[in-house]
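1. What shape does this take:
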Amino acid sequence: MTLTTNQHDILQHALGLHEHNRVTWRNHYVCGEDAFINDLIAKGLMRVGTAPEFFHKEDTVYCVTDEGRKVALDEHKRRYPLFRYE
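-> All right, here's what the predicted structure looks like:
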C-alpha cells in the first residue's frame, strides 16, 4: 500500500507521534473535508469518529484504525531509527 508523506504525517499526528515521542497517546484528527483522509478511510487506515457537541459542525473527528496504527508506527520507526543511547 502506497501512502504520501502527507498521509503518513496525518496518521502520526493523529496518534501523537513525533521525532521525540515513540508512544501513541491520542487517537484523533479534526478537520473538514480532506482528500488525503478520504483516501486513508478507503484504505481502512482511518475512520470517522464521534465529535463532541462543542466542535464546529463542519469539522469531523477522524480516528486511526488498528491497521493504520501499525502503518504509522512502522513508518515512524523508518523515519526516526533508534540511536545507540536510547
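2. Quick one: mean pLDDT over the host helix or strand of residue 75.
-> Using DSSP states H and E, residue 75 sits within helix 66-79. Averaging pLDDT along helix 66-79 gives 95.
3. Distance of residue 11 relative to residue 42?
-> 14 Å (Cβ to Cβ, to the nearest Å). To be clear about C-beta, it is placed using only N, CA and C from the backbone, and glycine gets the same treatment.
4. Residue 23 now?
-> 28 Å.
5. follow-up on the earlier one: which positions within the helix holding residue 75 qualify as buried?
-> 68-69, 71-73, 75-76 (16 or more other Cβ atoms under 10 Å).
6. go on, stretch 40-58?
-> Buried residues in stretch 40-58 (16+ other Cβ under 10 Å): 40-41, 43, 45-46.
7. How far does that stretch stretch from one end to the other?
-> Across stretch 40-58, the terminal residues are separated by 19 Å (Cα to Cα, to the nearest Å).
8. Now do it, average pLDDT.
-> 90.
9. coming back round to it: I'd like the buried residues of helix 66-79 as JSON lines, with distance to residue 32 appended.
-> As requested, those are arranged in JSON lines below (distance: Cβ to Cβ, whole Å):
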{"residue": "68", "distance to residue 32": "20"}
{"residue": "69", "distance to residue 32": "23"}
{"residue": "71", "distance to residue 32": "23"}
{"residue": "72", "distance to residue 32": "22"}
{"residue": "73", "distance to residue 32": "27"}
{"residue": "75", "distance to residue 32": "25"}
{"residue": "76", "distance to residue 32": "26"}
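10. roughly how far apart are the residue nearest the centre of the chain and residue 58?
-> When Cα atoms, centre = their mean is applied to the chain, the residue found nearest the centroid is residue 11 (1.7 Å). Per Cβ to Cβ, residue 11 is found 22 Å from residue 58.
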